[in-house]
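1. The following block contains a protein sequence and its predicted model.
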Amino acid sequence: MTKHIIATDQAPAAIGPYSQANKWGDLIFTSGQIPLVPETMAVLEGDITAQAELVMENLMKVLAEGGADETTVVKTTCFLSDMNNFVAFNEVYGKYFPTNAPARSCVEVARLPKDVLVEVEAIAYVK
């Protein structure tokens with residue numbers, strides 16, 4: 001098998017030495033998505049709800065570029081800058097996985113890139 005780099009201009013470009021995602025066989029491993037507006041690469045100002053919506057949209061666009069979608073996500077890791085935002089984050093997250101939700105870890109971290117409120121990464125399979 002060969003690793004294939006996944007890249008789309010529909011989601012934020014990598015801001016460091018990493019890829020938006022890698023495809024290995026039938027699996028896609030995304031990098032963490034933060035609430036960057038793809039066209040400007042600026043952080044979306046706003047509360048956890050606004051930032052989580054953009055994070056999930058960016059994540060879905062990366063997955064789509066690799067041939068996956070929300071129905072093929074098997075695992076996510078979610079990073080919150082404040083666990084007090086957990087309930088509001090879950091409301092947004094749940095809209096993307098209304099049934100058959102993937103396995104998930106959700107942790108509070110001391111700090112995220114660009115001081116955003118949320119970051120999400122995923123592992124999915126290609127249909």
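-> Thanks, I have the structure now. Residues are numbered from 1 along each chain as shown.
2. isn't residue 70 right up against residue 97?
-> Yes - if you go by Cβ atoms under 8 Å, residue 70 and residue 97 touch, sitting 6.1 Å apart. No exception for glycine: its C-beta is placed from N, CA and C like everyone else's.
3. The two: which has the busier surroundings?
-> residue 70 (19 against 15; other Cβ atoms under 10 Å).
4. Spit out the contact partners of that one.
-> 60, 63, 96, 97 (Cβ atoms under 8 Å, 6 or more residues apart in numbering).
5. distance of it from residue 31?
-> The spacing between residue 70 and residue 31, counted by Cβ to Cβ, to the nearest Å, is 17 Å.
6. same thing with residue 68?
-> Distance check for residue 68 against residue 31: by Cβ to Cβ, it reads 14 Å.
7. higher neighbour count, these two?
-> residue 68 (26 against 21).
8. how distant is stretch 39-46 from the center of its chain?
-> Its chain's C-alpha centre and that of stretch 39-46 lie 15 Å apart, by Cα atoms, centre = their mean, to the nearest Å.
9. now, which of the contacts of residue 70 sits nearest residue 40?
-> residue 60 (19.2 Å; Cβ to Cβ).
10. tell me which residues in the host helix or strand of the closest one are buried?
-> Using DSSP states H and E, residue 60 maps to helix 48-65. Under the neighbour-count criterion of 16 or more other Cβ atoms under 10 Å, helix 48-65 has 48, 51-56, 58-63, 65 buried.
11. Okay, helices next: where are they in this structure?
-> 48-65, 86-96 (DSSP state H).
12. Which elements pack onto the last one?
-> Taking 3 or more Cβ pairs under 8 Å, 6 or more residues apart in numbering; DSSP states H and E as the contact definition, the neighbouring helices and strands of helix 86-96 are helix 48-65, strand 73-80.
13. before we move on, back to that, from the contact counts, what lies against the helix holding residue 60?
-> Helices and strands touching helix 48-65, by 3+ Cβ pairs under 8 Å, 6+ apart, are strand 21-24, strand 27-30, helix 86-96, strand 118-125.
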